[in-house]
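Visitor: Quick one: sequence plus predicted model below, questions after.
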2 protein chains.
Amino acid sequence: MSQHRHPGATGRAGAVPALPDLPEATVARLPEYLRALHAIAETGHDTVSSEGLANAAGVNSAKLRKDLSHLGSYGTRGVGYDVTLLIDQIESVLGLTQCRSVALVGVGNLGHALAGYDGFASRGFRIAALFDADPSRVGEEINGLVVRHVDELARVAVEESISIGVIATPAPAAQAVADQLVAVGVTSILNFAPCVLSVPEGVDVRKVDLAIELQILSFHEHRKASLTALPGGLVATDTQEAIGT
Amino acid sequence: MSQHRHPGATGRAGAVPALPDLPEATVARLPEYLRALHAIAETGHDTVSSEGLANAAGVNSAKLRKDLSHLGSYGTRGVGYDVTLLIDQIESVLGLTQCRSVALVGVGNLGHALAGYDGFASRGFRIAALFDADPSRVGEEINGLVVRHVDELARVAVEESISIGVIATPAPAAQAVADQLVAVGVTSILNFAPCVLSVPEGVDVRKVDLAIELQILSFHEHRKASLTALPGGLVATDTQEAIGT
DNA sequence: CGCGATTTGTGCACCTCTTCACAAGCGCCT
DNA sequence: AGGCGCTTGTGAAGAGGTGCACAAATCGCG
């Protein structure tokens, strides 16, 4: 949730899948449904109710139904959703039918971990190339891939038909890397560097900042502490707050 | 954004900081403002306008002003915000005045990277203990910390007064780890495992799933591709989409 | 064939968040 | 002192997301 400004995309009833112009909030949840569906498929079930899937995905069942209804009607009343069909449908909407190639720039601490992360391959992504600006890191082999110098980005990106760039460099280097990625034609960037990237229209940037997540937790922790401190409450027994719905 | 259901916390005008009961969306942006402010402080400026700070943080200036107004009036009309004062104020609200101790469970690929990540220490967090269930990993030293067996969690958590738990285990192990963390009194969890955690009320869970971020990007990439494919548009020249505001 | 149990799809009301637009306040310059 | 330009803080309108509650649809069984 950040530098996204997507157009109306006026229901241009195209030949192929019709692209129903989903709400962002729905798009953000589809991957979670997909993961839950794969888990359910492995247990052998071949249909699942909205209630069941919602539990597995950690959301409200009404919300799940509304989300899925945006893709079309792929459920059967009185029965539920066909697991396999729904998986295919969501993967199709998310554009995961083709395996997407990812370029990872910055092979430091975090980049190393990302390069070795299994979760990508198993969900339709292929890390196709690794880059770093530090000459001492160039040539290193990680998980079967050789780290190249970032100057080769342009050439390699075309060869490997990169469709997504991941930035795991220190913050000061990130903007320059982003510019290079954009110059090569990459229009989707996942940014782990703690800074704001400025990119032209039409380029999507998503940001993941691990420290920010901790700080948000810190706020809630702080709030909880100052709530239990004052009220005439039992500070004793356990941490179970008697609050919320 | 997930398992958060925070109460009204009825403006209980307490003695100390008053805890103004911020909107979640605001809380999620405060850390970003904080980072931007630190960057601005380093350039030597000692005041900053809402416009300037908003740019540095990548948000709308009106939104920024409304966010800050929730903390109270710490700006001066015609001048802007005092950088140092605002930093102190935000850190205070986020509960970052004390250094928080973090326990990291799961020292695999990702856990390794997290254990070595500088960004935590520099922003008020201390990784106080590392755990893993794999005996062959126990004893290993990472960044000056020895990996302990997860069975020691209870003892160590108290010793180190852990306030946040980070789960970086494979998905199947995550729920058990979460249960243990909760049992020890941890009420804030950052979960990197691709699964839904079920925790009692009063415990906050934030989830980070790297593959999900890629899948969201994939969707937009897919959408962009199917838009440029049909319209009578110049597929040539560059990737600059002529869409959006 | 009809009925009841079950589950989807959705209209509606509520709520949160965003954005605009502007009055109020502050400092500086004359 | 007074006026002017700049910037904050906020009311109000709008957009988007959520969740309830129920009608519509489907299956299985007698």
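Guide: Yep, it's here.
Visitor: C-alpha from now on. contacts and neighbour counts both.
Guide: OK.
Visitor: For the residue nearest to A:Gly75 when sequence neighbours are not counted, list the residues it contacts.
Guide: Nearest residue to A:Gly75 in three dimensions, chain neighbours excluded: A:Tyr81, at 4.4 Å (C-alpha to C-alpha, 6 or more residues apart in numbering or on different chains). With contact set as C-alpha atoms under 8 Å, 6 or more residues apart in numbering or on different chains, A:Tyr81 has these partners: A:Thr47, A:Val48, A:Ser49, A:Ser50, A:Tyr74, A:Gly75.
Visitor: which among those end up buried?
Guide: A:Thr47, A:Val48, A:Ser49, A:Ser50, A:Gly75 (16 or more other C-alpha atoms under 10 Å in any protein chain shown).
Visitor: And the contacts of A:Tyr81, which is the shakiest by pLDDT?
Guide: Lowest in pLDDT among the contacts of A:Tyr81 is A:Tyr74, which has 92.
Visitor: near chain B, anything from the lowest-mean-pLDDT helix or strand in chain A?
Guide: The helix or strand of chain A with the lowest confidence, counting by mean pLDDT, DSSP states H and E, is helix A:118-121 at a mean of 86. Yes. Helix A:118-121 is in contact with chain B by C-alpha under 8 Å from any C-alpha of the partner chain, via A:Gly119, A:Phe120.
Visitor: residues making contact with that helix?
Guide: A:Arg126, A:Ile127, B:Ala211.
Visitor: Looking at the residues you listed, spot the one nearest A:Gln175.
Guide: A:Ile127 (21.2 Å; C-alpha to C-alpha).
Visitor: Give the partner strands of the helix or strand hosting that closest one in its sheet and their orientations.
Guide: Here A:Ile127, judged by DSSP states H and E, is contained in strand A:125-132. Within its sheet, and counting by DSSP bridges, strand A:125-132 is paired with strand A:100-105 (parallel), strand A:145-149 (parallel).
Visitor: helices or strands up against the next helix or strand after the first one?
Guide: Read in the C-terminal direction, the helix or strand following strand A:100-105 is helix A:109-115, with elements assigned using DSSP H and E. Using 3 or more C-alpha pairs under 8 Å, 6 or more residues apart in numbering or on different chains; DSSP states H and E as the contact definition, the elements that helix A:109-115 packs against are strand A:100-105, helix B:109-115.
Visitor: and helix A:109-115, how far from the chain's centre?
Guide: Distance of helix A:109-115 from the chain centroid (C-alpha atoms, centre = their mean, to the nearest Å) equals 16 Å.
Visitor: Now do it: everything it contacts.
Guide: Applying C-alpha under 8 Å, 6+ apart, the set of residues contacting helix A:109-115 is A:104-105, A:107, A:127, A:130, A:142-143, A:168-169, B:109-110, B:112-114, B:116-117.
Visitor: how about the CA coordinates for stretch A:86-93, as CSV?
Guide: The C-alpha trace of stretch A:86-93 is given here as CSV (Å, rounded to 0.1, in the frame of the first residue of the first chain):
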residue,chain,number,x,y,z
LEU,A,86,-10.7,-21.8,-7.4
ILE,A,87,-6.9,-22.2,-7.3
ASP,A,88,-6.8,-22.1,-11.1
GLN,A,89,-9.0,-19.1,-11.1
ILE,A,90,-7.1,-17.1,-8.5
GLU,A,91,-3.8,-18.0,-10.1
SER,A,92,-5.1,-16.8,-13.4
VAL,A,93,-6.2,-13.5,-12.0
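Visitor: ok, and for that stretch, which residues are buried?
Guide: A:Leu86, A:Ile87, A:Gln89, A:Ile90, A:Glu91, A:Val93.
Visitor: Looking at these, spot the one nearest chain B.
Guide: Nearest to chain B among the buried residues of stretch A:86-93: A:Val93, at 6.9 Å, using C-alpha to the nearest C-alpha.
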